[in-house]
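Asks: here are the coordinates; sequence isn't available:
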């Protein structure tokens with residue numbers, strides 16, 4: 001069940017219902033693409049507008065920064081983040097460490113918002129996080145390659161050892 005103006009997902013296509021006809025439904029996505037769906041072919045639909053959605057964001061930071069420090073910075077700034085991002089209905093909330101990558105640790109935060117605001121809230125949360133790190137002199141995480149040079153070792157061949165032993 002859906003109405004004009006609601007955001008739905010049909011067969012992997014996500015968009016806003018712009019028209020419901022006797023035979024077909026038209027849905028437009030964020031890029032302006034219109035999908036026309038025969039009503040008789042509509043099977044599984046997810047109505048994304050009926051309930052609030054979650055803006056889910058993964059945040060990276062370098063291994064040399066203590067996890068406790070980043071967690072504390074988030075907790076101290078969540079209220080300010082909510083004030084700065086008008087689309088947030090509830091949250092943001094810290095959910096914990098979700099990954100250890102090659103060059104960084106990844107934390108997850110979530111915030112409740114309307115579906116039509118979800119992508120903007122996610123972008124704004126990332127912006128706020130970056131601002132918090134920079135204000136606290138923490139470099140953003142990026143891929144790094146560490147190169148070690150092998151120390152040259154002197155090996156004594158068995159022939160020179162025999163010569164030295166005779167002398």
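Replies: Yes, it's here. These numbers come from a predicted model, not from an experiment.
Asks: Wait, residue 3 touches residue 19, no?
Replies: No. Using Cβ atoms under 8 Å as the test, residue 3 is too far from residue 19 to be in contact (11.1 Å). For the C-beta atoms, the positions are set from N, CA and C on the backbone; glycine is no exception.
Asks: Show me the strands in this structure, by range?
Replies: With strands called from DSSP state E, the chain shows them at 7-10, 13-20, 24-28, 34-38, 45-47, 53-62, 88-100, 104-113.
Asks: So which of the ones you listed is nearest residue 125?
Replies: Set against residue 125 and scored by Cβ to Cβ, the strands of the chain come closest in strand 53-62, at 4.7 Å.
Asks: tell me the angle of that closest one relative to strand 104-113?
Replies: Here the directions of strand 53-62 and strand 104-113 differ by 160 degrees (axes from the mean of the first three to the mean of the last three Cα atoms, to 10 degrees).
Asks: And for strand 53-62, what's in contact with it?
Replies: Applying Cβ atoms under 8 Å, 6 or more residues apart in numbering, the contact partners of strand 53-62 are 70, 87-88, 92, 98-99, 101, 103-115, 117-119, 121-122, 125-126, 129, 133, 138-141.
Asks: Quick one, which of those are buried?
Replies: 70, 87-88, 92, 104-105, 107, 109-115, 117-118, 121-122, 125, 129, 133, 138, 141 (16 or more other Cβ atoms under 10 Å).
Asks: what sits opposite the residue nearest in space to the middle of the chain in the beta ladder?
Replies: With distances taken as Cα atoms, centre = their mean, the chain has residue 58 as the residue nearest its mean C-alpha position (3.5 Å). Counting by DSSP bridges, residue 58 is bridged to residue 108.
Asks: quick one: it from residue 104, how far?
Replies: Per Cβ to Cβ, to the nearest Å, residue 58 is found 10 Å from residue 104.
Asks: can you check residue 87 too?
Replies: If you go by Cβ to Cβ, the gap between residue 87 and residue 104 works out to 27 Å.
Asks: I'd like to know how many residues surround the nearest residue to residue 26 once chain neighbours are set aside.
Replies: Leaving aside its chain neighbours, residue 26 sits nearest to residue 19 (4.2 Å; criterion: Cβ to Cβ, 6 or more residues apart in numbering). Other residues lying near residue 19 total 12 when counted by other Cβ atoms under 10 Å.
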